[in-house]
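Chemist: just coords:
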DNA sequence: ATGGCGGCTCGCAGCCGA
């Protein structure tokens, strides 16, 4: 299976790029975040025409997630069970026997903000739910925009980012707790070049200067880790005209 | 780095993202 995560920062703006990317790369499953679309406005027809089925869960202006796939999405879940949250950040489905959990984890804004506490509480609730999902689904992929850089290699300037949101200790510990459930960061299963990131700020020529963070991840259960062949980040997509600030992450197993 | 970008909203400036 070729499985991809991509924060598109508005599917309305990025739809032509997504369709072009699908044609060029032909993934089995493409998980999107930050669609920023109410369900009634979701571009089902255009995606169907490209040969993909789609499930989605969105809202106006912020958040929103979707899963595009060549085969049907079964047992769809659109929220963390038992966790009250008006923000649409979760979409899970079983596709070709693989449990796919697509996340848009909260940004957190800054470590001293209420949004940071929301992020930590959200991560705790999601991790509890995941324990249950893992028990029932040996073949599981947890992927999306985590808004967490797991270690120094994932940050262009670790000294400057130390303690800042996206790279603070509580966030990295929350990420570690997911790994400790038996999940593998698929990107680190392989030798990778240095200074590979998945997000670059639109400002300050950050992309040209490669001032990025690796905050988009694909975590795999042991059964999928065993058969995982590759994990790469498609930096080319970030070079497009009017790009998303995130690049797609691609795993094959 | 904290501005500078870019997307959104019944906009014409401010919020949010990361």
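Modeler: Received it, and whenever you're ready, just let me know what you need. Predicted model, so just to flag it, every value in this text is computed and none were measured. Numbering: from 1, shown residues only, chains lettered A, B, ... in the order given.
Chemist: Helices along the stretch 101-250 of chain A, start to end?
Modeler: A:114-136, A:158-161, A:169-180, A:222-227 (DSSP state H, counting those that start in this stretch).
Chemist: Quick one: residues in contact with the first one.
Modeler: Residues lying outside helix A:114-136 but in contact with it, judged by CB atoms under 8 Å, 6 or more residues apart in numbering, are A:80-83, A:85, A:89-90, A:92, A:99, A:101, A:103, A:105-110, A:140, A:142, A:147, A:165, A:170-171, A:174, A:177-178, A:181-183, A:221. C-beta coordinates here come from the backbone N, C-alpha and C atoms, glycine included.
Chemist: Filter those residues down to the ones in strands?
Modeler: Within the contacts of helix A:114-136, membership in strands is found for A:90, A:92, A:99, A:101, A:103, A:140, A:142, as judged by DSSP state E.
Chemist: ok, the residue positioned nearest the centre of chain A - contacts?
Modeler: Here the mean C-alpha position of chain A is nearest to the C-alpha of residue A:144 (CA atoms, centre = their mean), at a distance of 1.1 Å. Taking CB under 8 Å, 6+ apart as the contact definition, residue A:144 lies against A:5, A:7, A:31, A:33, A:65, A:101-105, A:216-217.
Chemist: How about residue A:219?
Modeler: If you count contacts by CB under 8 Å, 6+ apart, residue A:219 has them with A:141-143, A:178-179, A:183-186.
Chemist: residues touching the closest residue to residue A:15 other than its chain neighbours, list them.
Modeler: Distances taken as CB to CB, 6 or more residues apart in numbering put residue A:43 closest to residue A:15, at 5.6 Å, once the chain neighbours are dropped. The contact partners of residue A:43, by CB under 8 Å, 6+ apart, come to A:11, A:15, A:37.
Chemist: Got a quick PyMOL command for the buried subset of the contacts of helix A:114-136?
Modeler: Selecting in PyMOL just the buried members of these, where the criterion is 16 or more other CB atoms under 10 Å, is done with this command:
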select buried, chain A and resi 80+89+90+92+99+101+103+105+106+107+108+140+142+147+165+170+171+174+178+183+221
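Chemist: For DNA strand B, tell me which of the contacts of helix A:114-136 show up nearby.
Modeler: A:106-107, A:109-110, A:147, A:165 (CB under 7 Å from any atom of the strand).
Chemist: Got the confidence number for the residue lying farthest from the centre of chain A?
Modeler: When each C-alpha in chain A is compared with the mean C-alpha position (CA atoms, centre = their mean), residue A:159 comes out farthest, at 25.2 Å. According to the prediction, residue A:159 has pLDDT 96.
Chemist: Likewise for residue A:191?
Modeler: Listed pLDDT for residue A:191 reads 97.
Chemist: what's around it, how many residues?
Modeler: If you count neighbours by other CB atoms under 10 Å, residue A:191 ends up with 5.
Chemist: Return the residues of the stretch 101-250 of chain A in contact with DNA strand B.
Modeler: Applying CB under 7 Å from any atom of the strand, one finds that the stretch 101-250 of chain A approaches DNA strand B through A:106-107, A:109-110, A:115, A:145, A:147, A:157, A:160-161, A:164-166, A:199, A:201-204, A:211, A:213, A:215, A:242, A:245.
Chemist: quick one: buried residues of stretch A:70-79?
Modeler: Of the residues in stretch A:70-79, A:70, A:73, A:77, A:79 count as buried by neighbour count, 16+ other CB under 10 Å.
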